[in-house]
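*Asks:* fold the following.
(one chain, ligands or ions: 1)
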Amino acid sequence: MGVNGANGHLMVNPKYLNTGDRTDIYLDVIHELVHVRQFMEGKDLFDTNYSYTDRPTEVEAYRYAVEEAKRLGLGNERICDYLKTEWMSGKEFEQLASTVNVHCKQAQKSG
Ligand SMILES: [Zn+2]
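*Replies:* Residues are numbered from 1 along each chain as shown. Sure thing, here's the model as predicted:
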């Protein structure tokens, strides 16, 4: 799931929509809607001056998703699972979790 940097449209892989975990999809929608709002405010969603987990637009989007996850009553472990993606390094994952104030044990090996 992502936002098109040219027109601000939300893009979703239909396979993910059909087979993905519903909670993950819901939290992704929250995350991406933050980016849609940021796009409408004229922010650069792909500012290459920052790494992914340092980029202010990403940090804000993750903060909203995590806040919603906590409101839903998800535990830290489940939220950590959500934050961990296969293309994020262990170090980036730890940094992101710490930035959004979620206590994750440590980077789990992917796979
Ligand atoms: Zn994002």
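
*Asks:* give me the distance from stretch 71-81 to the chain's centre.
*Replies:* Centroid separation for stretch 71-81 versus its chain: 13 Å, with CA atoms, centre = their mean, to the nearest Å.

*Asks:* so which bits of the protein are right by the ion?
*Replies:* Neighbours of the ion within the chain, by CB under 5 Å from the ion: 58, 61. Glycine gets a C-beta too; all of them are placed from N, C-alpha and C.

*Asks:* try it again with 6 Å
*Replies:* Counting by CB under 6 Å from the ion, the residues of the chain close to the ion are 31, 35, 58, 61.

*Asks:* show me the helices in this structure, by range?
*Replies:* Assigned by DSSP state H, the chain shows helices spanning 14-19, 22-40, 56-71, 76-83, 90-99.

*Asks:* list the buried ones in the fourth one?
*Replies:* Residues of helix 76-83 classed as buried: 79-80, 82-83 (neighbour count, 16 or more other CB atoms under 10 Å).

*Asks:* residue contacts, the spatially most central residue of the chain?
*Replies:* The centroid of the chain falls nearest to residue 62 when counting by CA atoms, centre = their mean (4.7 Å). By CB atoms under 8 Å, 6 or more residues apart in numbering, the contact list for residue 62 reads 31, 83, 96, 99-100.

*Asks:* just the buried members of those?
*Replies:* With burial judged by 16+ other CB under 10 Å, the buried subset of these is 31, 83, 96, 100.

*Asks:* who does residue 3 bridge with?
*Replies:* Bridge pairing for residue 3 (DSSP bridges) gives the partners residue 10.

*Asks:* contacting residues around it?
*Replies:* Residues near residue 3 by CB under 8 Å, 6+ apart: 9-11, 32, 35-36, 39, 45.

*Asks:* same thing but 10 Å
*Replies:* Applying CB atoms under 10 Å, 6 or more residues apart in numbering, we find residue 3 in contact with 9-11, 31-39, 45-46, 57, 61.
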